[in-house]
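**Student:** Here is my input, please return the structure:
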Amino acid sequence: MSKTKLSPIVAGVMNWGIWDKNLNTTEMENMINICLENKITTFDHADIYGDYTTESDFGKAFASGKIAREKMQLISKCGIQMVTENRTNTIKHYEYSKDYIIWSVENSLKNLHTDYLDVFLLHRPSPLMQADEIAEAVLKLKSDGKIIDFGLSNFTSSQTELIRQKTEITYNQVQFSATNFEPMLDGSFDYMQTNHIRPMSWNPLGCVFREDIPQTHRLKKLLATLVSKYHLGSDTILLSWVLQHPAKVIPIAGTVNVARIQSLMKAVELELEQEDWFAIWTESMGNNVP
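**Tutor:** Got it, this is the predicted structure:
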């Protein structure tokens, strides 16, 4: 069970740095404060974001703003080895040796100007990962107070069970949305609920606003009706759809739009009528449920 209380919606910082918005220190500090003011207190990082630069950029903003550490929760991940000028890798791969995991967490702590991570995740499964070695690293990091909770990201149920046999798993961050709903059908969410693992959802709005395909056409037509019914935006309704699953999914919202950040928590308060929830799933599939 989790020892850390995360906010119901998490701020995803993947695009805050050079990969997209390229926020400077002042802008990033403002964004942190806007999130905190709107009860979004958890921030989702990974070592690779911004080609291994965004953690450090966030850390500078956090330190310069003198923001109280106890008011926020920090998540980070390791494992993906990118080919970039900031690393000596010659091919993209995964690394989960005990020494590397410990080094990576310590590097994230240095970058983020913090003594501990509230949640530490392995970013993607590797065919070469050794469960015993991972468990040894996690035990050391927990006993040293450098991480509080441990979890995974993009792991299947069987891959999760392999690690869970050796050490406690508290979270698994997977892709889940109205357009990517496989985890609620393939047994992933059933497994997580059975084993007290809390799902996080990356890309919780799916491809609704990114792709011009029959699936998104159907959804947008339905959402226009639901917006009129609930008097809330389409993105809020889609987040509410994710939040209503009994697995208690925590969506990760990557927006830096202030108005959208201010409206995110309305999704927590909104309870879609059951038939509207099913209507969203139906339009996404393009056919009725069986």
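**Student:** Show me what the helix or strand of the chain with the lowest mean pLDDT is packed against.
**Tutor:** Sorting the helices and strands of the chain by mean pLDDT, DSSP states H and E puts helix 258-264 at the bottom, at a mean of 94. Under the contact criterion of 3 or more Cβ pairs under 8 Å, 6 or more residues apart in numbering; DSSP states H and E, helix 258-264 touches helix 25-37, helix 234-243, strand 250-253. Glycine gets a C-beta too; all of them are placed from N, C-alpha and C.
**Student:** and the gap between the closest residue to Lys248 other than its chain neighbours and Met285?
**Tutor:** Once flanking residues are discounted, Lys248 sits nearest to Arg198: 6.2 Å by Cβ to Cβ, 6 or more residues apart in numbering. From Arg198 across to Met285, the span is 26 Å (Cβ to Cβ, to the nearest Å).
**Student:** Show me which of those two is the more surrounded one.
**Tutor:** Between Arg198 and Met285, counted using other Cβ atoms under 10 Å, Arg198 has the larger neighbour count: 21 against 14.
**Student:** Can you list the buried residues in the longest helix seen in the chain?
**Tutor:** In the chain, with assignment by DSSP state H, the single longest helix is helix 214-230. Across helix 214-230, burial judged by 16 or more other Cβ atoms under 10 Å covers Gln215, Thr216, Arg218, Leu219, Leu222, Leu223, Leu226, Tyr230.
**Student:** Could I get the full set of strands for the stretch 1-150 of the chain?
**Tutor:** Secondary structure of the stretch 1-150 of the chain (DSSP state E, counting those that start in this stretch): strands at 10-12, 42-44, 73-78, 80-81, 93-94, 117-122, 147-153.
**Student:** ok, back up a step: can you pull the contacts of the residue nearest to Lys248?
**Tutor:** Contacts for Arg198 were tallied using Cβ atoms under 8 Å, 6 or more residues apart in numbering; they are Ser2, Thr170, Tyr171, Asn172, Met192, Ala247, Lys248, Ile250.
**Student:** Pull out the buried members of those residues.
**Tutor:** Here, 16+ other Cβ under 10 Å leaves Ser2, Thr170, Tyr171, Asn172, Met192, Ala247, Ile250 buried among those.
**Student:** My guess is the second one contacts Leu152. True?
**Tutor:** To tie it back to what came earlier, the one meant is Thr170. No: with contact defined as Cβ atoms under 8 Å, Thr170 does not count as touching Leu152 (9.4 Å).
**Student:** quick one: the residue nearest to Ser97 when sequence neighbours are not counted from Lys71, how far?
**Tutor:** Spatial nearest neighbour of Ser97, excluding adjacent residues (Cβ to Cβ, 6+ apart): Glu133 at 6.3 Å. Going from Glu133 to Lys71 by Cβ to Cβ gives 35 Å.
**Student:** Tell me which of these two has more neighbours.
**Tutor:** Neighbours per residue (other Cβ under 10 Å) separate Glu133 from Lys71, with Glu133 holding more: 16 against 9.
**Student:** Cross-check the contact I'm expecting between the more buried one and Lys98.
**Tutor:** Yes: here Glu133 reaches Lys98: they are 4.7 Å apart, a contact under Cβ under 8 Å.
**Student:** Got phi/psi on the residue nearest to Asn288 when sequence neighbours are not counted?
**Tutor:** Closest residue to Asn288 apart from its sequence neighbours, by Cβ to Cβ, 6+ apart: Thr282 at 5.9 Å. With angles defined as degrees, to the nearest 10, Thr282 sits at phi -60, psi -50.
**Student:** Report the separation between Thr282 and Val289.
**Tutor:** For Thr282 relative to Val289 (Cβ to Cβ), the value is 7 Å.
**Student:** who's more crowded, the two?
**Tutor:** When Thr282 and Val289 are compared for neighbours, Thr282 comes out ahead with 16 against 7, by other Cβ under 10 Å.
**Student:** Which pLDDT value does the model give the more buried one?
**Tutor:** Thr282 is assigned a predicted lDDT (pLDDT) of 98.
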